[in-house]
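[1] below are the sequence and a predicted model for it; my questions follow.
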Amino acid sequence: MIKAQRQGSRDDYQTPPLALTPLLPHLKKNWVIWECAAGEGNLVKTLRKQGYKVIATDIHSGEDFLSFEPKQYDCIITNPPFSLKQEFLERAYCLGKPFAFLLPLTTLESEKRQRFFHQCGLEMILFNKRINFETPTGEGDGSWFASAWFTNQLNLGKQLNFTVVS
């Protein structure tokens, strides 16, 4: 996709490869990972370099996570569109597969979502600093919000896991 067409989208923040580092030890090497909001492909490229088989889809490719599902996959890893985080979470829990979504910490704020996580289960990997997402203009100018990996069925061992990224 051409960056000029994507400018102005509040959902277009690409994940730097560094953000995957704390998640990698919890992924099984034989898994087929579905990156369902692939965007520019940063997560896909990094996962493939680490030896994972990855299915990459995106709403712009005509394969919308909210209505499409690959025939075979073991886990979902993505940075979902900010404006659709609730819909993506609900769909992921309904699919019943392990998943990890990179989301802002404010995702925890609503009473409705807290009840949802309490009922469905949640483990998190929290970073020691904010992730410097790539912006639609191509500049990584820092993030105005803290984020974390919101996971389910990855068996992290603790509900809250803290990591250091450099």
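    Ah, there it is.
[2] could you tell me which residues within stretch 81-98 count as buried?
    If you call a residue buried by 16 or more other Cβ atoms under 10 Å, then stretch 81-98 has these buried ones: Pro81, Phe82, Leu84, Lys85, Phe88, Leu89, Arg91, Ala92, Tyr93, Lys97, Pro98. Just so you know, the C-beta spots here come from the backbone N, C-alpha and C atoms, and that holds for glycine as well.
[3] likewise stretch 147-160?
    Buried, per 16+ other Cβ under 10 Å, within stretch 147-160: Ser147, Ala148, Trp149, Phe150, Thr151, Asn152, Leu154, Leu156.
[4] contact partners of that stretch?
    19, 22-23, 26-27, 75, 89, 92-93, 97-105, 107, 120-127, 130-131 (Cβ atoms under 8 Å, 6 or more residues apart in numbering).
[5] what subset of the residues you listed is buried?
    19, 22-23, 26-27, 75, 89, 92-93, 97-104, 107, 122-125, 127, 131.
[6] okay, buried residues for the strand or helix carrying Leu47 please.
    Using DSSP states H and E, Leu47 falls within helix 42-49. For helix 42-49, a neighbour-count test (16+ other Cβ under 10 Å) marks Asn42, Leu43, Val44, Thr46, Leu47 as buried.
[7] quick check, nearest of those residues to Ala56?
    Val44 (4.5 Å; Cβ to Cβ).
[8] how near is that closest one to Trp34?
    Separation of Val44 from Trp34 (Cβ to Cβ, to the nearest Å): 10 Å.
[9] tell me the mean pLDDT for whatever helix or strand Phe150 lives in?
    Assessed by DSSP H and E, Phe150 sits inside strand 147-152. Mean per-residue pLDDT for strand 147-152: 96.
[10] ok, Ala56 - contacts?
    Taking Cβ under 8 Å, 6+ apart, one finds Glu35, Ala38, Gly41, Val44 in contact with Ala56.
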